[in-house]
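Engineer: just need the structure, nothing else, for what follows:
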Amino acid sequence: MMRINVVTLFPEVIAPFLGASIPGRAAAAGRAEYRLIQLRDYTHDRHHTVDDYPYGGGAGMVLKPEPFYEAVAALDQESREGPIVLLSARGQRFRHDDAVRLSLGTRLTLLCGHYKDVDQRVADGLATEELSLGDFVLSGGEPAAIVVIDAVVRLLPGVLGDHESAAGDSFYDRLLSPPSYTRPPEYAGRRVPEVLLSGNHAEIAAWRQAEAERLTRERRPDLWVEDGKH
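Structural biologist: Predicted coordinates:
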């Protein structure tokens, strides 16, 4: 079973998601356990202050290092030895390979920033890595934590119940997934490709592979080149 700890100022943002869909199924099946940790619980003043003005001046508030350090110190020893991920716009781009890597462990701790920034000493001395969803800025790390959790837990054994379902996803083999169709065979003047109705499994597999390669070349040439395909 994987235990996922989330250190956040807004556990109420994340909690509903963890009880729904695939993350909820993972918890119900005993494949994942979630712990939401309120950062303010690790402050020591009557106002539960978690932020302060940045040294050197500038706009915005910076989250203090002490609450993050104390929140992680309160975790069990095994959690502290697992990956501790700071969700940050400065982080490396989160990719499918990262989801696979994280899913192979039994512990994962996610640190959610908010406001202007997080004190750099959290990144340098506490987190084992920084991850970003992409080239944009979120108001906080909570949406990013939800994305990482979803991408990771769906890969845990027995969660989807069908390995082929995950294996056909985009990025699984560094290709975008081919288009999918279901009933009816014709709708709004558009028909399902005849090959998918043919029952010829070899031809269907070849069509899906060709479509995956075509879409990857057209829409994500970076993946196509990185994988050595031309």
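Engineer: OK, contacts around R208?
Structural biologist: The neighbours of R208, taking CB atoms under 8 Å, 6 or more residues apart in numbering as the test, are P178. From N, CA and C alone the C-beta is placed, and that goes for glycine too.
Engineer: mind naming the longest strand for this protein?
Structural biologist: Determined from DSSP state E, the single longest strand within the chain is strand 84-93.
Engineer: and the helix or strand just after that strand, what other elements does it pack with?
Structural biologist: Remark: after strand 84-93, the chain's next helix or strand is helix 96-103, criterion DSSP states H and E. On a contact count with 3 or more CB pairs under 8 Å, 6 or more residues apart in numbering; DSSP states H and E, helix 96-103 meets helix 142-153.
Engineer: related to what we said a few turns ago, so how far is the longest strand of the chain from its chain's centroid?
Structural biologist: Centroid displacement of strand 84-93 relative to its chain, using CA atoms, centre = their mean, to the nearest Å, is 11 Å.
Engineer: what residues of that strand count as buried?
Structural biologist: Neighbour-count burial for strand 84-93, with 16 or more other CB atoms under 10 Å as criterion, is recorded at I84, V85, L86, L87, S88, A89, G91.
Engineer: now do stretch 41-60
Structural biologist: By neighbour count with 16+ other CB under 10 Å, stretch 41-60 contains the buried residues Y42, T43, V50, D51.
Engineer: now do stretch 152-165
Structural biologist: By neighbour count on 16+ other CB under 10 Å, the buried set for stretch 152-165 is V152, V153, R154, L155, L156, V159, L160.
Engineer: quick check: what element follows the worst-scoring helix or strand of the chain on mean pLDDT along the chain?
Structural biologist: Sorted by mean pLDDT, DSSP states H and E, the helices and strands of the chain end with helix 163-167, the least confident at a mean of 52. Using DSSP H and E, the next helix or strand after helix 163-167 towards the C-terminus is strand 186-187.
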